[in-house]
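Q: How does the following fold in three dimensions:
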Amino acid sequence: MSNQCVAYVTDVEYSFPTILSALQARKFASSETDVCVLMSEHLDNFEELRSLLALSGVKLMDATEALHQSLGKLDGSHFMGRISVSTMAKLVLAQILPDNYTQIIYLDGDTQIVSSLADLENAFAPPGKFFAARDYTSIHGLLQNGKDSSYFNAGVLKFHRDGWIGPEALQLFATNPEACDGKHDQGALNYVCGSSLILVSNRWNFPKQFLHLVEMSSLAIVHYMAHPKPWHGTFFPWSDTESQVYIDLRKTHPAYNALYRGISFDRKVVYKYRSMRERVRHALQNEMPNPRVQTLLAGDYVV
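A: All right, here's what the predicted structure looks like:
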């Protein structure tokens, strides 16, 4: 029985890209590490999808009741439809996942795994500690004015089941949401983390916004935070390769295709126009891989 898992939590809306990431994780993770997708909402074709994913070595779990027990009270007051339960679920993962998992790698569903996870899997997160990488805002500040920050992104985390600060962050959010600075789970985790944080390389959580400043081969996990998303098309700074994987997945089985959620024609036009403008600007400025970005990927990191 494995003591380590790569875990996702998704609602129906995000289930398609989450499954794509989970299948990539299964490809790039050790066979000794389980890959689990926890559903926070009822899925009509759950049993069919669970059997289908099992063939690829991915475990689909129904976590609706467990999450309702942990977050239901907040869902009816603080969330009010603006914050998805699946987003906040990382805070209570240690209470929901099977007891055998002591090393938990949490991933948001809008990630892509592009190379081996071995180093992250092999790096031990001690009790009371967790791994996280700098947030987009921290990287932006570093590139703009050289100011470094340890403010981290909560879309990729590795933590020990014992001493996970998620419940403490949830308590902060419930009693003092203003302290989270509008960032919900991420703001709460940053607020309470203290010495629990072990900052790791951004190769494990690289924001899509800076893909034009780095070689893709130096990354392991790309995070497509904010809009637009690669399952809706090819937009700067990513290529057709990153979008094609979603098209290919939709073709493999009707159950996957049924989960796909598109965007309106008008929104796609706006994204395309913005993408063309940014691609032209990038070409005119002849932007190259940025040396400061390299310090985010290689340095004195545990992993």
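
Q: Could you find the closest non-adjacent residue to S217?
A: In space, and not counting its chain neighbours, S217 is closest to S115: 7.5 Å by C-beta to C-beta, 6 or more residues apart in numbering. For the C-beta atoms, the positions are set from N, CA and C on the backbone; glycine is no exception.

Q: now S196: how far from A94?
A: Between S196 and A94 the computed distance is 13 Å (C-beta to C-beta, to the nearest Å).

Q: Surely S275 and F235 touch.
A: Yes. Counting by C-beta atoms under 8 Å, S275 does reach F235; the two are 3.9 Å apart.

Q: Overlap of the contact sets of these two?
A: Counting by C-beta atoms under 8 Å, 6 or more residues apart in numbering, the common neighbours of S275 and F235 are P228.

Q: Which one's more surrounded, these two?
A: Regarding S275 and F235, a neighbour count based on other C-beta atoms under 10 Å identifies F235 as having more, with 22 against 17.

Q: For the stretch 1-150 of the chain, which segments are assigned as helices?
A: With DSSP state H, counting those that start in this stretch as the definition, the stretch 1-150 of the chain shows helices at residue ranges 15-28, 46-55, 64-74, 85-88, 93-96, 118-122, 136-145.

Q: Of the ones you listed, give the one that comes closest to S218.
A: Nearest to S218, of all the helices of the stretch 1-150 of the chain, is helix 118-122, at 12.8 Å by C-beta to C-beta.

Q: which helices and strands does the closest one pack with?
A: Applying 3 or more C-beta pairs under 8 Å, 6 or more residues apart in numbering; DSSP states H and E, one finds that helix 118-122 makes contact with no other helix or strand.

Q: Next up, phi/psi of the residue nearest to S217, please.
A: In this entry, S115 is assigned phi and psi values of phi -160, psi -180 (degrees, to the nearest 10).

Q: Quick one: residues contacting it.
A: 28, 217, 219-220.

Q: what pLDDT does it get?
A: pLDDT, the model's per-residue confidence, is 98 for S115.

Q: Skipping its backbone neighbours, what lies nearest S30 in space?
A: On the basis of C-beta to C-beta, 6+ apart, the spatially nearest residue to S30 that is not a chain neighbour turns out to be E121, at 5.7 Å.

Q: From what I see, that neighbour and V35 are in contact.
A: No. Contact status for E121 versus V35: not in contact, 11.3 Å apart, counting by C-beta under 8 Å.

Q: list residues touching both of those two?
A: Common neighbours of E121 and V35, counting by C-beta under 8 Å, 6+ apart, are A29.

Q: With neighbour numbers in mind, choose between those two.
A: Set side by side, E121 and V35 show unequal neighbour counts under other C-beta under 10 Å, the larger going to V35 at 27 against 19.

Q: can you pull the contacts of the more buried one?
A: When contacts are counted by C-beta under 8 Å, 6+ apart, V35 is found next to 5-6, 22, 25-26, 29, 57-59.
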